[in-house]
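Enquirer: Fold the following and give me the result.
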Amino acid sequence: MNPGLEPDELLTIGEMSRRTGVAASALRYYEDLGLVGSVRTGGNQRRYPRHMLRRVSLISVAKRLGMPLADVREAFGEVPMESTPSHTDWQRASRRWKKKLEERRRAIERLEHELTGCIGCGCLSLKACALLNPDDALAATGAGPRRLEDVVEDEESAGDEP
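Expert: As a prediction, this is how the structure comes out:
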């Protein structure tokens, strides 16, 4: 650790923003979502515990990767905000996050495979595609990308099995 820096040092929102590259408005938003925490001074100014730097940095990485903030919140679920997280706390979060990343990777690979097949067939019609949507059967199940949603739901329920 750097000399003169205490682990319980409190940082202003400007200092957090400068150190992490995250806008102050985004820090307030993350706090509203429960992703980060701060304390208030007597003058009602936000002060962030130093250990929030890691959380904010990981949120930034997740955003760059296109991860939903709900997944980040789930991964951070048991990581304490009121005290400096331990190595064990971060290891648990890492395992949860890895599971989410693997699910996302499988969904992207499946989409890539289906798009390659569909685009490669040349029919140019997802509505009438005899391969992916014979007789437009998916229209009866609702609007939007039904196949992708069904696959994600199937994976989530499969994860519940022993």
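Enquirer: State the number of residues packed around the closest residue to Q45 other than its chain neighbours.
Expert: Spatial nearest neighbour of Q45, chain neighbours left out: T12 (7.1 Å); criterion: CB to CB, 6 or more residues apart in numbering. To be clear about C-beta, it is placed using only N, CA and C from the backbone, and glycine gets the same treatment. Using other CB atoms under 10 Å, T12 has 15 other residues around it.
Enquirer: Next up, the contacts around T12.
Expert: 45-48 (CB atoms under 8 Å, 6 or more residues apart in numbering).
Enquirer: Now do the strands in the protein.
Expert: 10-12, 39-40, 46-49 (DSSP state E).
Enquirer: quick revisit: so how far is T20 from the residue nearest to Q45?
Expert: For T12, the distance to T20 equals 12 Å [CB to CB, to the nearest Å].
Enquirer: next one: G42
Expert: For G42 relative to T20 (CB to CB), the value is 25 Å.
Enquirer: Among those two, which residue is more densely surrounded?
Expert: Higher neighbour count among G42 and T20: T20, with 20 against 5, using other CB under 10 Å.
Enquirer: which residues does the more buried one contact?
Expert: Contacts of T20 by CB under 8 Å, 6+ apart are 53, 56-57, 60.
Enquirer: out of those residues, which is most surrounded?
Expert: V56 (20 neighbours).
Enquirer: the longest helix in the chain is where?
Expert: When the chain is parsed with DSSP state H, its longest helix is helix 87-121.
Enquirer: Return the set of buried residues in that helix.
Expert: 92-93, 96-97, 100, 104, 118 (16 or more other CB atoms under 10 Å).
Enquirer: One more: stretch 13-29?
Expert: Applying 16+ other CB under 10 Å to stretch 13-29 flags 13, 16-17, 20, 22, 26-27 as buried.
Enquirer: that older thread, distance from the chain centre to the longest helix of the chain, please.
Expert: 12 Å (CA atoms, centre = their mean, to the nearest Å).
Enquirer: tell me the mean pLDDT over that helix?
Expert: For helix 87-121, mean pLDDT is 82.
Enquirer: Going forward, count from 7.
Expert: Taking 7 as the first residue, the last one we looked at is helix 93-127.
Enquirer: V85 versus G43, what's the distance?
Expert: 11 Å.
Enquirer: ok, now Y36?
Expert: For Y36, the distance to V85 - CB to CB - is 14 Å.
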